[in-house]
Structures are given as structure tokens and as C-alpha cells.
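Student: I'll drop the sequence and a predicted model, then ask my questions.
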Amino acid sequence: MTGKMWGGRFNTDLKENVLDFTESLSLDYRLLHADVMGSIAHCRELVRAGVMSTEEFATVVDALKKIDEEASGKEIATESKDEDIHSYVERRLSQLCGDVAFKVHTARSRNDQVALDMRIYLKDELVSLLGLLLSAYEGLLGVCSREFGKFFIERTHMQYAQPSLLSHHLLAYCEMFRRDFELGIFAFESCDEMPLGSGACVGVNYPLDRKRMAKELNFNKITGNSADAVSNRDFITDTVYFCTCIMVHLSRFCEEVISWSSSDVGFVEIPLNFATGSSIMPQKKNPDVFELIRARSSILISNLVAILVLMKGQPLTYNRDMQEDKRIIFESIDITGSALAVF
């Protein structure tokens, strides 16, 4: 038996290059806090099920909290040789509290464990993104109020069309952000189902109170089918779609600012602390921030396609393909958050 969580029938370790190829710790280290919170709630149910004593529970909880606090995720990813964040937590737990650590995985599979961790993580990230989106919305409303009454010519087919107001034009982007906000709420609700207790795919034979765990972990409801719970990634797709729509709308706005700030048009002037210059042409002031937002929106579009293609051919239930959803969703959240932060 190897030291892996899955090593029951195996009597040899993975080749080093195979481990390097299959590891996900370099990505899922972000799930450390979510993994710890899920493990604490799970252990509380193990006490009620008679698997773990109250003393063991206290020991495990103290150790889990220490794991959560002792190192940043990036330090774990660069210094540890564990396969994934779940393996890391279990190994550190065994170092801190001995064999009782191995009781923690009773009545739990990595399949429902990672589904839970992703949902906890994404709910927190969605709250942050919605806050940034609301700030962008309010900032644009402020511009509309400040510039109210300023004449503007609307275009169709990139040709002058009808007289309007600049505030009316900018309020169109506020409408886009409003719709984005609604998509974010939908994505949050999609994430807000608690899958723990689903096991590998057909549930577990321990008397776990899933509704009680859901309440402890601040979930609105529990998942209804264990096979779906461990193989569902719609909540990730919904989140990527939310991020993609934001970036597409930001890209459209940035395209207009780039045009408006050009020397040919000169409708707006970009502040010096929001632009860059040229290494050879000192007169230049380049709209790099807007260009980069426009460029990075293409990454979000490709990520939306990627998560759909990733899932389209997978039979039920869990498949290792789903490991790659983290690469997609983490990048999407990072890009969207950074774009909104500078908007």
C-alpha cells in the first residue's frame, strides 16, 4: 500500500514524472480554508455517528485550525510534494494528531470533498466579485451624474446617427452591469447546494445529517442526487459565464475609450497615472489598461468554451477530467477581479 489516499491495492509509488503530471496541488492550494471548514463540519457529524469521540474531535479541530493558519497556500504549493490539497491536509493532520487523523476521511470521498470545497470557495469569490461589480456600477453612475447634460452623438454602424447625452450612453453600460449582477446572484445560488455525504457516487452508509452540515457550512440546501452531486460542474460553468459577461462588457467599454482617446478623436483624455508611454517615442500616451482588459476578455471567452468542452463528453459520475476545471475557474476569477479593481 502506498501513502496515497487511494493507495489501498497499490504496493508501489507513482513514477516521479507521473506524479508531476497528475498533481493538482499547484492549483487547488487555494481550497485550503474551504477544505478545513468542510472537514470540521464532517468531523462533527462523525462524533454524532459514533465514529469519533468528543476528545478526538477537539484534537482534530485544533490541528485543522493550525493547518489553516500555519502557511499560505502558495507556500504549500511550492514546498509540498502532496498530490492535492486534500492529501496535504490529511498528511499534516496525521503529523499533528496521529492516527486519529485517518478517521476524518470516514464516510467521505475526495469526490464529494472537492465538490464541497469548490462550492465554499466560489461562494466567497462570488461575493467579492459582486462587490467589485457594484463599485464599478456606482462609479459609472457617478460619472453619469457629473456629466449630466453633456451633448453626445450616438452612432449606428460606426456612423453618426442621432443626438443624445453622454450620460444616456454611459447608462447603457450600467444596464449591462445590472444584468451581470443578476447573473452573479444566479451563479451564487447555483453554488449554494451542499454535496457532502454523497460519497464517491452513491452516498455513504453512515447516519450523517446532511441538512445539519449544510446549515453549519452556510448552505441554503443540500444536493438531491449523489451521482449528480459529485459530477456536476454547472455551478462552475455558471460562474465562468458570469465572469465572461463582465469581461465582454468591460471590453466593449474599453474599446470606446481607446477610440475616444485617440489623437484623431480626442473626445476624452486618459490620466497619466492610468496610461503608459513609449520607449522610443516620448510624445506617446498609450491606453494600455484598456487594451489589456480588451485582450483578456478573449481568455474568458476561451475559458467558457473550455469548461463546456471539458464537460460535454463525460459520462456519469466523477472523472479525473474534472481536475482541470480549477485551472479554468481560478484564472477566470483572477482576471475578472483584477479588471474590475482597476475599472
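Tutor: Great, that's in hand. Residues are numbered from 1 along each chain as shown.
Student: domain assignment for this protein?
Tutor: 16-103, 110-342 (automatic domain parsing).
Student: okay, these in JSON lines with mean pLDDT next?
Tutor: Shown next, in JSON lines, are those (pLDDT from 0 to 100):
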{"stretch": "domain 16-103", "mean pLDDT": "92"}
{"stretch": "domain 110-342", "mean pLDDT": "96"}
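Student: could I get these in CSV, plus columns for mean neighbour count?
Tutor: The C-beta positions use only the backbone N, C-alpha and C, and glycine is treated the same way. As requested, those are exported to CSV (neighbours: other CB atoms under 10 Å):
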stretch, mean neighbour count
domain 16-103, 18
domain 110-342, 17
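Student: skipping its backbone neighbours, what lies nearest residue 45 in space?
Tutor: residue 208 (4.6 Å; CB to CB, 6 or more residues apart in numbering).
Student: with residue 53 instead?
Tutor: Using CB to CB, 6+ apart, the nearest residue to residue 53 is residue 47, at 7.1 Å.
Student: the residue nearest to residue 45 and residue 51 touch, don't they?
Tutor: No. With contact defined as CB atoms under 8 Å, residue 208 does not reach residue 51; the gap is 9.9 Å.
Student: mutual contacts of those two, please.
Tutor: Residues touching both residue 208 and residue 51 by CB atoms under 8 Å, 6 or more residues apart in numbering: residue 107.
Student: toward the C-terminus, what is the element adjacent to the helix ranked longest in the chain?
Tutor: Secondary structure of the chain per DSSP state H: the longest helix is helix 110-146. With elements assigned by DSSP states H and E, the helix or strand that comes after helix 110-146 is strand 151-156.
Student: what packs against that next one?
Tutor: Judged by 3 or more CB pairs under 8 Å, 6 or more residues apart in numbering; DSSP states H and E, the packing partners of strand 151-156 are strand 159-165, helix 166-191.
Student: check which helix or strand residue 281 maps to.
Tutor: Counting by DSSP H and E, residue 281 is found in no helix or strand.
Student: what distance do you get for it to residue 288?
Tutor: 14 Å (CB to CB, to the nearest Å).
Student: repeat that for residue 244.
Tutor: 22 Å.
Student: ditto for residue 195
Tutor: Per CB to CB, residue 195 is found 42 Å from residue 288.
Student: quick one: the residue nearest to residue 45 and residue 288, what's the gap?
Tutor: 53 Å.
Student: cool, and residue 211?
Tutor: For residue 211, the distance to residue 288 equals 51 Å [CB to CB].
Student: the chain: strands as residue ranges?
Tutor: 151-156, 159-165, 193-194, 221-222 (DSSP state E).
Student: how far is the longest one from where the chain is centred?
Tutor: Counting by CA atoms, centre = their mean, to the nearest Å, strand 159-165 is centred 40 Å from the centre of its parent chain.
Student: each with direction, which strands does that strand pair with?
Tutor: Using DSSP bridges, the strands paired with strand 159-165 in its sheet are strand 151-156 (antiparallel).
Student: hang on, the earlier thing: need the helices and strands packed on strand 151-156 in TSV (columns: distance to residue 221).
Tutor: Shown next, in TSV, are the helices and strands packed on strand 151-156 (distance: least, CB to CB, whole Å):
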stretch	distance to residue 221
strand 159-165	46
helix 166-191	10
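Student: residue 66: which of the ones you listed is closest?
Tutor: With CB to CB as the measure, helix 166-191 is the member of the helices and strands packed on strand 151-156 nearest residue 66 (27.7 Å).
Student: by contact count, what packs against that closest one?
Tutor: helix 110-146, strand 151-156, helix 234-260.
Student: 10 Å - rerun?
Tutor: For helix 166-191, the packing partners by 3 or more CB pairs under 10 Å, 6 or more residues apart in numbering; DSSP states H and E come out as helix 110-146, strand 151-156, helix 234-260, helix 325-342.
Student: the ones you listed: which one's closest to residue 178?
Tutor: Closest to residue 178 of those, according to CB to CB: helix 110-146, at 7.0 Å.
Student: and that closest one with helix 325-342, angle?
Tutor: Helix 110-146 and helix 325-342 meet at an angle of 20 degrees, taking axes from the mean of the first three to the mean of the last three CA atoms, to 10 degrees as the criterion.
Student: from the middle of its chain, how far away would helix 110-146 be?
Tutor: Taking CA atoms, centre = their mean, the mean C-alpha location of helix 110-146 is offset from the chain mean by 9 Å.
Student: over to stretch 82-97?
Tutor: 23 Å.
Student: please list all residues in contact with the spatially closest residue to residue 327 that is not a sequence neighbour.
Tutor: Of all residues not flanking residue 327 in the chain, residue 27 sits nearest, at 5.8 Å (CB to CB, 6+ apart). Contact partners of residue 27, counting by CB atoms under 10 Å, 6 or more residues apart in numbering, are 77, 84, 85, 323, 324, 325, 326, 327, 329, 330, 331.
Student: go on, residue 60?
Tutor: Counting by CB under 10 Å, 6+ apart, residue 60 has contacts 39-40, 43, 46-47, 52, 93, 96-97, 100-101, 103-104.
Student: could you tell me the end-to-end distance of stretch 152-162?
Tutor: 9 Å (CA to CA, to the nearest Å).
Student: what's the spacing between that stretch and its chain's center?
Tutor: 39 Å.
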